[in-house]
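Undergrad: My questions concern the predicted model and sequence given below.
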Amino acid sequence: MQLEHIYFSVRMRAAQGGSHEQGGKHISGGERIVPYHDLSPCMAELAEKGLNHSRGKPDFMNIQFERIEETVTYVSPLPVGTHVVSSVTDGQATARSLLTEAGIEPLVIEKSYHVISHLTELQGALFIDTATGQRLDDPIKNGVRVSRMDWPLDDFSCWSNEYQLSPNIRMKEALTLATKVTQHPATIAELCWSDDPDYVTGYVASQKFGYQRISQLKELGEEKGCRIFFVDQSKMKDLDAYINYLTTQPVLIRWKQEVIADESRSMAGRAAE
Ligand code: PML
Ligand code: MG
């Protein structure tokens, strides 16, 4: 087999007090898509990520890889905007106004905040129906974990350099996920902030306005995170098909290609002058 054309999905999850299935506390997770020759460094990086985490030291870790059979889709990263706010209250007001701009009814937004206020822990994403404000994913399962997405570091570094953004790996991972999730027409918006106690920046993402970072969405030290997908059920075949897209469709973010395409377009334009 020609290994250089084959991609592997690599996943890590770490917990404390036993595995996630045994009710352990979620510490860290990671998702990568790499060719065969990068499997070893990739697994070492993911192990390091899980072993040194602000949520605590894990006593359970699972790292697995599997060959991807599905065709990989290449997607440009969502455009990024930043809102610097002076308090959590301001940040949450900004989040609510962005969700409204994405087309979510205020009552649905309030219902979603009500749902998250009653959660103790969420490992994956929670789905809120944009028509009713009701939770759509199975509450027993503690959220749906989006899988099979990555943004190769060299391409991300060129992108962050071009936009003069600090090459923050956490943003790379979150923007990768948000780009994959909002590619699906049923995802009207995503609202997220971290479960890491030392990280207070969060975001609202949507195809309408891209990835809008908000500098503070929770208090420092808070370990309760949030990831909500606002979904329009009329734009999906059924919930299983939507979950199948989120968990199995491999998506790689690629920005440079866009530049190359733009450059060749402008060169073609110049040649035509
Ligand atoms: C996470 O840590 O899981 C989510 C991080 C969200 C914000 C990332 C950013 O800085 O843009
Ligand atoms: Mg986290």
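TA: That came through, no problem. Ligands and ions are numbered 1, 2, ... in the order given.
Undergrad: ok now do the nearest residue to residue 136 once chain neighbours are set aside, which residues does it touch?
TA: Computed as Cβ to Cβ, 6 or more residues apart in numbering, the closest residue to residue 136 that is not its neighbour in sequence is residue 127, at 4.0 Å. In short, each C-beta sits where N, CA and C put it, glycine included. By Cβ atoms under 8 Å, 6 or more residues apart in numbering, the contact set of residue 127 is 135, 136, 137, 144, 228, 229, 231, 239.
Undergrad: Which one of the residues you listed sits in the busiest neighbourhood?
TA: residue 229 (29 neighbours; other Cβ atoms under 10 Å).
Undergrad: need the contact list for that residue.
TA: Residues near residue 229 by Cβ under 8 Å, 6+ apart: 125, 126, 127, 128, 181, 187, 189, 190.
Undergrad: Can you show me the helices along this structure?
TA: Taking DSSP state H as the test, the helices found in the chain are 39-51, 88-101, 106-117, 153-162, 169-183, 239-248, 256-272.
Undergrad: For whichever residue of the stretch 51-200 of the chain sits closest to ligand 1, report the pLDDT, please.
TA: Shortest the stretch 51-200 of the chain-to-ligand 1 distance, computed as Cβ to the nearest ligand atom: residue-wise this is residue 194, at 3.2 Å. In this model, residue 194 is scored at 96, pLDDT.
Undergrad: got the contact list for the residue lying closest to residue 255 once chain neighbours are set aside?
TA: Nearest in space to residue 255, with sequence neighbours left out and distances taken as Cβ to Cβ, 6+ apart, is residue 159 at 4.3 Å. Contacts for residue 159 (Cβ under 8 Å, 6+ apart) come out as 77, 255, 256.
Undergrad: same thing but 10 Å
TA: By Cβ atoms under 10 Å, 6 or more residues apart in numbering, the residues touching residue 159 are 76-77, 80, 151, 165, 167, 172, 175, 253-256, 258-259.
Undergrad: Just the buried ones from those residues, in ChimeraX syntax?
TA: The buried subset of those, as determined by 16 or more other Cβ atoms under 10 Å, is captured in ChimeraX by this line:
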select :77,80,151,165,172,175,253,254,255
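Undergrad: Ligand 1 next: which of the contacts of residue 159 are close?
TA: Cross-checking the contacts of residue 159 against ligand 1 (Cβ under 6 Å from any ligand atom) gives no overlapping residues.
Undergrad: Quick one: neighbours of residue 204, just the number.
TA: Burial of residue 204 is recorded as 29 neighbouring residues (other Cβ under 10 Å).
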